[in-house]
Every structure is written in C-alpha cells, then in structure tokens.
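J.: 3D, please:
(chains A and B)
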Amino acid sequence: MSGLLSEALLANIGKQAPPRTEVVTRRDIRKYAVATGQRDPKFLAGDVAPPLYHVALFWDVVPMAELTPDGVSIDKLLPKFPLERAMAGGLKIDYHRDIVPGDVLVARRTLTDIYEKQGRQGPLIFYEVIMEVSTEAGEPVLTEKTTRILR
Amino acid sequence: MARIDAIKPGDQLPSLVDTPDIVQSFLYNAALWNAHRIHFDLPYATEAEGYPGLVVAGPLMGDWLTQCVLAWLGDDGRLASIEYSNRQAAYIGETLTTSGKVVAVDRDAGTATLEVAVSNEAGDVITPGSAVVRFHETGGGKS
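T.: Residues are numbered from 1 along each chain as shown, chains lettered A, B, ... in the order given. The predicted model follows:
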C-alpha cells in the first residue's frame, strides 16, 4: 500500500538501541543552565536540572571520524530511508520526576513508527523514536517522543 | 485561594525575550556536544547550506518554551508535559519572543493546558507548542 516504504524498511519498527547510562553532575547542569539562559536560580546553581537538560545528557558522543562532513553523528537506531532531507521535527516529553545531581540515569530508545504521507510537494516519511529515561532502580523519570519528517 | 482557582482560559503568560548571540550558541552546542556546522560555521551555513546566517539549535527554542511556562507557574506546580515542533529556523542575532496563554483549566485534575510559542521579529510563529502543568494540592483539598 505504501510507495516508498518496503517491508524490509518497516521491519525496523520496534528496533531498540542499546541502553545508555549517564551520571548527572551539578557542573553539567550548571553548564546547561547557563547556556540556555535560565532565569531560575535553582537551575543556575545546579540544584535541579531544567526540563530539557536530558537532551544534553543523552546527546550521542562519538569519535570525530564518525561525524558526517557537516558535523552530525549518525543515529544507528535508524535505517537508511529513501528520503534524506530532514524537515521540521517535533518533541513531546512527559515528566515523572526531577533530575538532580548524583542521579544515574538510563535511556532506552525504541524506533516506534515509520509511515508515509503525501505532502503538497511530494511524499514525506515520518518516523518516531521514544526514549524512556529511568533511574538505575527502574523509577520512571521522563518519556520523550521525537517525530521527524523527511522529504 | 489556591492558584488554580484564579486561572482561566485566555490568561496570558508573561513573555520572555532572548537574543541568542554566537557565544550562547557556542555554549549551548558545547553543552550538548553538538558539532553540526550550521550552528557555528558561517561560511558553511550560508554557502554550502544556503541559510541566511547561523542557525539557532532547535531544542534551545524548546527550552525557552519550558522557561516561559515555569516563570509563570513559579512554585505553585510542576510541568507535567510539553510538546513542540520546530517549524521554521531562527538565526543568531534575531530577537525571539516566547509567549503563551492558558487554553484550558481542569480544576478536578488540578491541571491547566497552555499554548506556547517562540516567534521571530517578523511575528512568525517558528516553534509552536503546548504544555500541561499540574498544580500542587493545597491544604484544604479540592472542591
């Protein structure tokens, strides 16, 4: 039924990345808080992390040789799509608990959907990745759903 | 009176104004460890990619949406969820305004739904979004 999405490509739905564990430090929170221009002193002091701090905490760190010529790290969770130009992206985050210095957090990412829509100027591919962040003990911290559009 | 009792749809959140410069852009992308050249390499951004300037990182604008919500909410509640999409790029040196308004209040659940957005100087909404906040229960319980 789909023009661009082969069965083999759609078989990637449900694929999971290896879990990643990161340690939250006050210094790391302070760097993020300063860089984002936070107004609240508790963020600037690093007592608690701003709501989007996990974006920095779980940004991939790869060897320079693995960056593309434009400086981007390739997300190994994603298959090669027949469309490659990225359009707008969206994010939805549900929060369960604050992030504070000393937390050891685990991120589990799953490619949860791939689908196609007809845009005004041709076909578009959408994909969704859900990242579940929890403590090492399994307490939920947040759930982030990313939607990306390719044209 | 509990904070939520005074809130009604249509209430405006105080706006925030940010003018990201190249130092902030550097610090932000360094905090992420994001080496995407459109954020710091002006010849690359303009000549190779055809942008009019250095591109402001998308999740930085998402962060401003959360700041707008939290500045309004104060200590009266928590951010329960936020969603946004980066519809249009912003460039370093632009003055960007983050604003919001209350669209729904659920007093039984103790929540309010907010519409939020980052707009550029031309007035284009470049990062629309929405958020749900949950107010702390106050001593007397819910009525």
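
J.: at contact distance from chain B, anything in the helix ranked longest in chain A?
T.: If you go by DSSP state H, chain A has its longest helix at helix A:26-35. Yes - judged by CB under 8 Å from any CB of the partner chain, helix A:26-35 and chain B are in contact via A:D28, A:K31, A:Y32, A:V34, A:A35. C-beta coordinates here come from the backbone N, C-alpha and C atoms, glycine included.

J.: Tell me how far the third one lies from A:G122.
T.: With distances defined as CB to CB, to the nearest Å, the gap from A:Y32 to A:G122 amounts to 38 Å.

J.: Which one of those two is surrounded by more residues?
T.: Neighbour comparison, A:Y32 and A:G122: the larger count goes to A:Y32, with 25 against 8 (by other CB atoms under 10 Å in any protein chain shown).

J.: The more buried one against A:H54, yeah?
T.: No - judged on CB atoms under 8 Å, A:Y32 makes no contact with A:H54 at a distance of 9.7 Å.

J.: burial of the residue lying closest to B:D18 once chain neighbours are set aside, as a residue count?
T.: Once flanking residues are discounted, B:D18 sits nearest to B:L96: 5.3 Å by CB to CB, 6 or more residues apart in numbering or on different chains. Residues contacting B:L96 under the criterion other CB under 10 Å number 21.

J.: how close does B:L96 get to B:S15?
T.: Noted for B:L96: a distance of 10 Å to B:S15, by CB to CB.

J.: Next: A:L9.
T.: From A:L9 to B:S15 the distance is 43 Å (CB to CB).

J.: got the contact list for the following helix or strand past the longest helix of chain A?
T.: Downstream of helix A:26-35, the first helix or strand assigned by DSSP states H and E is helix A:41-44. Identification of contacts with helix A:41-44 by CB atoms under 8 Å, 6 or more residues apart in numbering or on different chains yields A:I29, A:R30, A:A33, A:V34, A:Q38, A:V48, A:A49, A:P50.

J.: do the same with stretch A:140-147
T.: Residues contacting stretch A:140-147 (CB under 8 Å, 6+ apart): A:54, A:89-97, A:99, A:103, A:105, A:112, A:126-135, B:85.

J.: Now for chain A, the helix or strand with the poorest mean pLDDT.
T.: strand A:86-95 (a mean of 89; mean pLDDT, DSSP states H and E).

J.: Check which helices and strands that one sits against.
T.: When contacts are defined as 3 or more CB pairs under 8 Å, 6 or more residues apart in numbering or on different chains; DSSP states H and E, strand A:86-95 packs onto strand A:140-150, helix B:58-73, strand B:77-85.

J.: So in that sheet, which strands flank it, and in what orientation?
T.: strand A:140-150 (antiparallel), strand B:77-85 (antiparallel) (DSSP bridges).
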